[in-house]
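Undergrad: any chance you can model this:
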Amino acid sequence: MKENIANRVGRIISGSLNALVDAVENAAPETVMEEAIREIDGAIDEVRAELGRVVGSKHLANQRLMEENQKHEDLSEKIELAVAEERDDLAEAAIAAQLDIEAQMPVLESTVSECGDQEKELEGYISALQARKREMKDDLKSFRETRGETESVAAGGSGSSGASVAAKVSKAESAYDRVVENASGLIGRSGMGDPESAAKLSELDDMARNNRVNERLEKIKQRRATEK
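TA: All right, here's what the predicted structure looks like:
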């Protein structure tokens, strides 16, 4: 199972530069530390991209929610008019449309709420990564001051190229992976039951829906009768 954003960011925040350097044998410690900092830069960019997608989804869901609310209100006025004109057929059609809107509202509200939570979470990840980057840069500065520029190659090294160092870093236990992978999918669902059963269930759904429409129409009529 692929690691989620929280786990990946957690690894970066809790990771130790010393442990990372120790995990990569025959590599230049300073090079490894610089690579780790670059990985954080990449992680921040990835989280920002994900944040942009979440904010966009939240905006679209919120906009759709407002539109559906407006439609619902407009239909309520039309239902009142249809009942007043004794056009039950028109009232039933409008009520059916309202039911469709009401079925979608909880999902839209949940999407807005979830996106809001994700937005705050991702903003927190960015702040944490930026703070970790500052710490790591301080660690790198201290390392340079302590060991000097001439000790940039680890003892026993064989002049590993930048490419080999990067390869070792990627294999190291504490290496910093990319935070967000551009991979997503929808969980499919195969058909269930035989065609005859499916048809019966569909018919039952239609019956239940028609019953709800009629119940709401009767309530509106009763309310109007008591108001006269």
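Undergrad: other residues contacting stretch 210-223?
TA: Stretch 210-223 is contacted by residues 79, 80, 83, 88, 91, 92, 95, 96, 98, 99 when judged by CB atoms under 8 Å, 6 or more residues apart in numbering. Glycine gets a C-beta too; all of them are placed from N, C-alpha and C.
Undergrad: same check, this time on stretch 72-83
TA: Contact with stretch 72-83 is made by 88, 90-91, 94-95, 97-98, 101-102, 217, 220-221, 224, as judged by CB under 8 Å, 6+ apart.
Undergrad: tell me the buried residues in that stretch?
TA: Residues of stretch 72-83 classed as buried under the neighbour-count rule (16 or more other CB atoms under 10 Å) are 75, 78, 79, 82, 83.
Undergrad: closest to residue 113 among these?
TA: Distances from residue 113 to the buried residues of stretch 72-83, taken as CB to CB, are shortest for residue 75 (24.9 Å).
Undergrad: tell me the pLDDT of that closest one.
TA: Note on residue 75: pLDDT of 93.
Undergrad: sorry, back to before: report the buried members of the contacts of stretch 72-83.
TA: For the contacts of stretch 72-83, buried by 16+ other CB under 10 Å: 91, 94, 95, 97, 98, 101, 217, 220.
Undergrad: out of the residues you listed, which are inside helices?
TA: Of these, the ones assigned to helices by DSSP state H are 91, 94, 95, 97, 98, 101, 217, 220.
Undergrad: which among these gets closest to residue 33?
TA: Nearest to residue 33 among those, with distances taken as CB to CB, is residue 101, at 56.4 Å.
Undergrad: contacting residues for that closest one?
TA: Counting by CB under 8 Å, 6+ apart, residue 101 makes contact with 68, 71, 72, 75.
Undergrad: that'll do, ta.
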